Structure formats: structure tokens, C-alpha cells
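J.: take this sequence and fold it.
(2 chains)
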Amino acid sequence: GDSVTQMEGPVTLSEEAFLTINCTYTATGYPSLFWYVQYPGEGLQLLLKATKADDKGSNKGFEATYRKETTSFHLEKGSVQVSDSAVYFCAPINDYKLSFGAGTTVTVRA
Amino acid sequence: GAGVSQSPRYKVAKRGQDVALRCDPISGHVSLFWYQQALGQGPEFLTYFQNEAQLDKSGLPSDRFFAERPEGSVSTLKIQRTQQEDSAVYLCASSRGTAFNGYTFGSGTRLTVV
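T.: Next comes the predicted model:
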């Protein structure tokens, strides 16, 4: 089945710092790729997605580009805020089944 | 409703007790999914419904786990004779049709077996 390797956390940053969370995947075919975010005490929310090679997903200042040649979907944000503190999950989808990584905990300090 | 609603939000069960977890998907969403999220881990797939049909139950960890969606809307995940290893957050999600655009998750039910 599909699998995901995510950058291990926790990651602690200062406000306005640059954030990168690495994600590589193994999958059959060319799956759509997602980043989900889980804020403290809340459920998973879809952050962004990309459905084919070289697509760039973006939302709330976050970006990720679908790199077929390196099977990667790294998440980036140029200037983080305290409100970005959360757990971030990378996940390819195979038909209907999402395969989540272990998640990366990000803490942003003021 | 506006989002996926799950109840109860928290459940404490004694080992050996049966539990039932409810999921109310977004109105009109055909597909419904259950995932299990152990502490500090990513969610893992349990089962998938399309309307009332359970098309995939390959992720259910044992025959103590049972899910149903009899009228194609509300779904119930039942766990019989709960064990400590069943302690986790159980997440329900729904999508309108195919899941290629991702799906919407509920806030989950945190089950603690003591």
C-alpha cells in the first residue's frame, strides 16, 4: 500500500520564520496529494492539495508542489505565525483511502 | 449539517464493555469513512461506505469492530468487548462523491478504555 515519510518533529520556530516540512511518499500510480492540519483540540482540516505532477497547492500562505520525479510534496510557509502551531500531516490518496504520515508537530513562539 | 458531527466527543469504557460511536456526515455526502488515530500517530483507515454499502472494511482491526450505515446517512461504529489497545481517537469523514478532492473530517471521539 501507499506510505509516507514525514520530517520528524517537534519543530519549534519563532514568529516570521520560514517553515519547511519534508514529505516523501511511495504509491501506486500517481495519487492526489494532501496536507492536513490538526490544531490543538480540533479535528483534521484540509490545508491544501495537488492532483497531478507539478501542480502547486496553496492556502493560508502555505504552499506545496507535487514533484513526481522525487515523489515529494514538501510544505512551506515563508513567515509563520503563532496561530500556525499545529500538527501537520502529509497524505497521498489511493482511490478513496488516505495514507497518513506520523505527523509533524510545529510550535511557533512569539 | 454544516460539518461532520460525531458523538460522544469523549467516551470512557471499562475493559470488556461495548461502545457505539456515532457519525453524522454532511448532508448529501455519499461517501463516509472511519479512521482510527492512536496517540501521537497519523490516522489509519478502518472502513468506507458508499451510501449504505460498506465497500471496504479491510482496516477494521478485529471482528470486535463493526460499522453500519443502514440508511446511507448516519453511521455507527461499534466496538464489542473493548480492550485497552482500542483506546484512540475515532475520526469520521465524508465526501460528496469521489474522494480525489479530499474529504471533511469530524472532530472525532476520544475513546479511553480503562
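
J.: burial of the residue of chain A found nearest chain B, as a residue count?
T.: The minimum distance from chain A to chain B, using C-beta to the nearest C-beta, falls at A:Phe100 (3.1 Å). Where you see a C-beta, it was placed from the backbone N, CA and C, and this is true even at glycine. For A:Phe100, the neighbour count with other C-beta atoms under 10 Å in any protein chain shown is 23.

J.: how about the residue of chain B found nearest chain A, nearest residue that isn't a chain neighbour?
T.: Residue of chain B nearest chain A, by C-beta to the nearest C-beta: B:Gly42 (3.1 Å). Distances taken as C-beta to C-beta, 6 or more residues apart in numbering or on different chains place A:Phe100 nearest to B:Gly42, at 3.1 Å, with adjacent residues excluded.

J.: check contacts around that neighbour.
T.: A:4, A:36, A:89-91, B:42-44 (C-beta atoms under 8 Å, 6 or more residues apart in numbering or on different chains).

J.: how about B:His29?
T.: Taking C-beta under 8 Å, 6+ apart, one finds B:94-96, B:104 in contact with B:His29.

J.: about what we covered before: what is the nearest of the contacts of A:Phe100 to A:Ala27?
T.: A:Val4 (8.9 Å; C-beta to C-beta).

J.: where does pLDDT dip in chain B?
T.: Regions of chain B meeting the criterion pLDDT under 70 cover residues B:1, B:98-100.

J.: what does it have sitting close to chain A?
T.: Proximity of chain B to chain A (C-beta under 8 Å from any C-beta of the partner chain) is limited to residues B:4, B:31, B:33, B:35, B:40-45, B:48, B:56, B:91, B:93, B:98-108.

J.: the same query, at a cut-off of 6 Å, please.
T.: Proximity of chain B to chain A (C-beta under 6 Å from any C-beta of the partner chain) is limited to residues B:41-43, B:45, B:48, B:99-100, B:102, B:105-108.

J.: of these, just the buried ones, ChimeraX syntax please.
T.: Under the burial definition 16 or more other C-beta atoms under 10 Å in any protein chain shown, those of the residues of chain B next to chain A that qualify are selected in ChimeraX by:
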select /B:42,43,45,48,99,102,105,106,107,108
